[in-house]
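Student: Starting from these lines, generate the structure:
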Amino acid sequence: MGFKYLNVERQQGIERLVLNRPDVRNAFNEGMIAELTWWADSVSSDRSVRLVIIEGAGPVFCAGADLEWMGRMATFSREQNVDDAMEAARLFSTLDRLPAPVIGRVHGAALGGGAGLAAICDIVIAADNAVFGFTEVRLGLIPAVIAPFVMAKIGRSASRELFLTGERFGAARARELGLVHSVVPLASLDVEVARYRDALLCGAPGAIAAAKQLIAEVGRRGAADVAMLCAEAIAARRASEEGQEGIKAFLEKREPSWRLEP
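Tutor: Down below sits the predicted model:
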């Protein structure tokens, strides 16, 4: 598929996805959502993808919804608005379930859906100039589609403050909340992305995918409810080809077969 709103590049199993609408601060419209959904579906089933890096072209990561698109949505019927919102919900759900680890490279603004996009990333590295916000209430809206993913990251208490006030906050606060994992000067952003990239490429891809799935399952239930799930998960990994290779490589003091040199 040829993309109008995205740039995609793959090298040695690393998929670099760039939101490419810099003229509107990489804001979402129905076209970008459709392209992102197609891309996410494709990557979900492609086991050659070891790592995904998401970033924005130009001076910002993603400023949320395109105002022109939002203006058109105001003329939609309720049913059309529900259908439109469900398309966005499916996108975020698919991104959240990608088996490959996802790094968010955030600079400039990450507002509304842009902050929601950061929330679905496994690891978020933000430049110290990054600004986040769930500003929907200031437009008479609510951060509904992204709420499950954001609340899973920052919890109910912070969501109450930030969803209700619509206030913007910096990268340091985002790190305190768990939305961001590392904050560095803008000039060091790619160096920090490379550091996490190298760390993630040390892990077995099947094990990483299984760990992501386990995190999602455990997060939905209490510890007592998932004891057997966790026991079965580690048993399966111990018996897996990757598990056997990892143990052999450790005992033989060599690198495992999945280790990639970027």
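
Student: For the helix-or-strand element of the chain with minimal mean pLDDT, which residues meet the burial criterion?
Tutor: Least confident helix or strand of the chain, by mean pLDDT, DSSP states H and E, is helix 227-239 with a mean of 74. Of the residues in helix 227-239, A233, R237 count as buried by neighbour count, 16 or more other Cβ atoms under 10 Å. C-beta here means a position set from N, CA and C on the backbone, and glycine is covered the same way.

Student: After that helix, which helix or strand is next? Please name it.
Tutor: Sequence order places helix 241-251 as the next helix or strand after helix 227-239, per DSSP states H and E.

Student: who touches the helix or strand hosting G71?
Tutor: Assigned by DSSP H and E, G71 falls within helix 67-73. With contact meaning Cβ atoms under 8 Å, 6 or more residues apart in numbering, helix 67-73 is reached by V24, A27, F28, N29, E30, N81, D84, L139.

Student: can you do 6 Å?
Tutor: Residues outside helix 67-73 that contact it (Cβ atoms under 6 Å, 6 or more residues apart in numbering) are N29.

Student: Distance from stretch 29-43 to the middle of the chain?
Tutor: In terms of Cα atoms, centre = their mean, to the nearest Å, the centre of stretch 29-43 is set 14 Å apart from its chain centre.

Student: May I see the buried residues of that stretch?
Tutor: Buried, per 16+ other Cβ under 10 Å, within stretch 29-43: N29, M32, I33, E35, L36, T37, W39, A40, V43.

Student: Mind checking the pLDDT average for stretch 71-83?
Tutor: Stretch 71-83 shows a mean pLDDT of 82.

Student: What is the end-to-end distance of that stretch?
Tutor: 16 Å (Cα to Cα, to the nearest Å).

Student: For the remainder of this discussion, apply numbering that starts at 57.
Tutor: Got it, first residue is 57 now, which makes that one stretch 127-139.

Student: mind listing what's buried in that stretch?
Tutor: Neighbour counts over stretch 127-139 (16+ other Cβ under 10 Å) mark M129 as buried.

Student: just how off-centre is it within its chain?
Tutor: 27 Å.

Student: Also stretch 155-167?
Tutor: So, by Cα atoms, centre = their mean, the centroid of stretch 155-167 is 6 Å from its chain's centroid.

Student: Please apply the same query to stretch 99-107.
Tutor: Put simply, stretch 99-107 sits 15 Å off its chain's centre (Cα atoms, centre = their mean).

Student: Which helix or strand lies directly C-terminal to the helix holding G127?
Tutor: helix 134-152.
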